[in-house]
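Engineer: structure for this input, please:
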Amino acid sequence: MKNLIYALLFCFVALSSCDQDNIQTKFDAGGVDYVAVGVTAVDAPYKLNADNSYSISFPIHRTLKNVSGTEANLVLNSSNGSGLFELESQNLTFEQGSALAYAKIIATDPGAIDPATVYSFELVVSGDNASPLYNTAVFSGQLELNFEMLGTGSFASTWDEETRDVNLYKAIGLDIYMAEALYEAGFDVLIIANEGAATVSIPEQKGWFHTGVELPVRIAGTGTISNNNEGKKVFTMQIEHYLPEYDHTWGAWDEVITFP
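Structural biologist: The predicted model follows:
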């Protein structure tokens with residue numbers, strides 16, 4: 001990469017669901033039937049898939065399980081999923097004898113979920129019976145993709161000024177491809193194909209880490225699909241590299257992936 005310093009190691013949190021049945025924040029109720037979020041923060045994104053109807057079930061606890069008629073009033077905020085995700089109900093009722101209930105965050109249009117986006121959520125328990133200490137939880141969700149390896153192709157990059165091998169994967173049942181460590185180890189790049197239109201899009205995502213400013217550089221782009229004279233699939237793309245935090249871009253660069 002021209003005149004730039006790369007970070008060689010970068011750790012990211014693997015996609016996994018948290019153990020929703022074994023997390024509980026303890027607090028002193030003082031005899032009041034408070035309701036509270038089951039945990040205040042979950043680091044790993046929840047997996048959104050067909051099995052869970054692209055939804056998240058988040059635990060809400062109360063202190064007096066034998067009291068009847070207790071409700072939790074909920075508010076969901078999202079910085080990047082507003083309109084796409086919503087609470088199934090803003091009023092959660094506890095069953096008699098149960099101290100646990102689940103707030104359900106559902107996708108209004110599962111087909112609109114961006115596979116490259118980690119959606120951030122803030123769930124707030126409000127009202128007079130909200131725990132004064134444990135009333136807010138932050139967590140996230142991401143579309144679960146199961147990939148199968150296609151093999152090792154080649155990546156001809158004007159950004160890197162080199163051609164090198166790249167491992168390529170395809171999401172099972174979807175025209176979504178993943179190029180492993182396209183620019184840097186630890187940063188796999190998703191490419192969404194429209195086979196009918198013979199086009200591809202590279203949704204905004206982290207591409208590599210800039211050690212000079214200690215931030216991940218974002219990439220995004222578009223391209224076309226063709227076949228070379230050997231019958232191999234080729235993605236011809238223009239990929240932009242930029243730092244939104246500094247309103248800086250290096251512009252779009254011509255990049256070509258040739259499949260095995």
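
Engineer: quick one: residue 73 from residue 61, how far?
Structural biologist: Separation of residue 73 from residue 61 (CB to CB, to the nearest Å): 15 Å. Backbone N, C-alpha and C define where each C-beta goes, glycine included.

Engineer: who's in contact with residue 86?
Structural biologist: By CB atoms under 8 Å, 6 or more residues apart in numbering, the residues touching residue 86 are 76, 105-106, 108.

Engineer: in PyMOL, how would I select just the buried ones from those residues?
Structural biologist: Selection of buried members from those for PyMOL, criterion 16 or more other CB atoms under 10 Å:
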select buried, resi 76+105+106
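
Engineer: can I get the contacts of residue 86 in a markdown table including distance to residue 203?
Structural biologist: Formatted as a markdown table, the contacts of residue 86 follow (distance: CB to CB, whole Å):
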| residue | distance to residue 203 |
| --- | --- |
| 76 | 24 |
| 105 | 22 |
| 106 | 22 |
| 108 | 19 |
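
Engineer: so which residues of the stretch 51-200 of the chain form strands?
Structural biologist: Using DSSP state E, counting those that start in this stretch, the strands of the stretch 51-200 of the chain run over 56-62, 71-77, 85-87, 91-93, 100-107, 119-126, 136-143, 147-157, 162-171, 176-184, 187-194, 199-210.

Engineer: could you check the angle strand 187-194 makes with the longest one?
Structural biologist: Angle of strand 199-210 versus strand 187-194, following axes from the mean of the first three to the mean of the last three CA atoms, to 10 degrees, is 170 degrees.

Engineer: from the chain's centroid, how far away is strand 199-210?
Structural biologist: Chain-centre distance of strand 199-210: 13 Å, with CA atoms, centre = their mean, to the nearest Å.

Engineer: hmm, who's touching it?
Structural biologist: So strand 199-210 is in contact with 1, 4-7, 10, 114-117, 182-184, 186-187, 189-194, 215-225, 235, 237, 239, 241, 243, going by CB under 8 Å, 6+ apart.
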